[in-house]
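In: quick one, fold the following:
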Amino acid sequence: MCTLEKRGSLFILTLIGNDEHRLNPTLIDSIRDALARVRSQSSSSSSALITTAVGKFFSNGYDLNWATNHSGSIDTTVDRLNLMSFNLRSLFRDLISLPMPTIAAVNGHASAGGFILALSHDYILMRKDRGYLYMSELDISLKIPAWFVKLLKNRIASPAVHREIVLKAAKFTATAALEKGIIESSHDGVEETVAAAVKLGDSLVKRGWDGNVYCEIRKVMMSDVLAASEYDETLEDAVKIASKI
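Out: Numbering: from 1, shown residues only. Have a look, this model is predicted:
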């Protein structure tokens, strides 16, 4: 679940609870509902969104336990995998179409789909003292969807870093992520990270940009990722995936 706070022209969305913030339908629906409130409450004046979380995790990716923990057949697992993929792709499109700058204040580990959630924001700020960014699919023998890779390429300039993320399953601390150009800045702790996100958000709001124009420019920049996010080709092997997990 998540909370939403309006602080002046800033909206602060916080994933709550002491769990891993796994991306099951309940959590994704809660985030999407909060984003819908942001959209409805944002006025013609400039605004910005900050997304953060409490606990050790920003998000540890898809909730594979939820996908498999049921009394049904393997078809139920397949349906749940498809639903999580559809919901995350919808959440990504919600963030890209939000009429304001977006900032991820990463408080802890962001793995797989959680890393993708962070990358779905315009800026990533990260705490130094805990957490890493990690695309875990190679280590757990799962394919990475094409739209994940297109998002990585859109947000991160270096092909060498793409290789480290996808083909080496490297884990990046905040210091390493800053050196590699993955994040905007790193900070001593979670409070400092959120404070820096607020400062950045305020500076962006002061520019007085038209949110709808900002959004349309972002959508052009992200057009290849948006197109790719309409489909998850890895789910063609959903039965195999279900049997692995």
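In: from here on, just use CA atoms for contacts and neighbour counts.
Out: Will do.
In: how long is stretch 227-235 end to end?
Out: 17 Å (CA to CA, to the nearest Å).
In: tell me the buried residues in it?
Out: 228-229, 232, 235 (16 or more other CA atoms under 10 Å).
In: farthest pair within the residues you listed?
Out: Ala228 and Leu235 (13.8 Å; CA to CA).
In: poorly predicted segments of the protein, please.
Out: Low-confidence segments of the chain (pLDDT under 70): 43-44, 238-245.
In: which SS class is the residue positioned nearest the centre of it?
Out: Among the residues of the chain, the one closest to the centroid is Leu117, at 0.8 Å (CA atoms, centre = their mean). Of the three states, Leu117 takes helix according to DSSP: H, G, I helix; E, B strand; the rest coil.
In: just checking: what are the partner strands of the host helix or strand of Ile12?
Out: Element membership for Ile12 (DSSP states H and E) is strand 10-15. Using DSSP bridges, the strands paired with strand 10-15 are strand 2-7 (antiparallel), strand 48-53 (parallel).
In: buried ones in it?
Out: 10-15.
In: need the longest helix for the protein.
Out: Longest helix of the chain, by residue count under DSSP state H: helix 74-96.
In: quick one on the thing from earlier: right, and the helix or strand after the strand holding Ile12?
Out: helix 25-41.
In: just put the strands paired with strand 10-15 in TSV and tack on mean neighbour count and distance to Val213.
Out: Below are the strands paired with strand 10-15 laid out as TSV (neighbours: other CA atoms under 10 Å; distance: least, CA to CA, whole Å):
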stretch	mean neighbour count	distance to Val213
strand 2-7	15	22
strand 48-53	25	14
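In: Ile183: which of those strands is closest?
Out: Here strand 48-53 is closest among the strands paired with strand 10-15 (CA to CA), at 14.4 Å.
In: can you name the residues that contact the nearest residue to Met135 once chain neighbours are set aside?
Out: Take Met135 and drop its neighbours on the chain: the residue closest to it by CA to CA, 6 or more residues apart in numbering is Ala112, 4.4 Å away. Neighbouring residues of Ala112 by CA atoms under 8 Å, 6 or more residues apart in numbering: 60-62, 134-137.
In: any idea how many residues pack against Gln41?
Out: Other residues within reach of Gln41, judged by other CA atoms under 10 Å, total 12.
In: what does Pro159 give?
Out: Neighbours of Pro159 using other CA under 10 Å come to 11.
In: please apply the same query to Arg80.
Out: Arg80, neighbours per other CA under 10 Å, totals 21.
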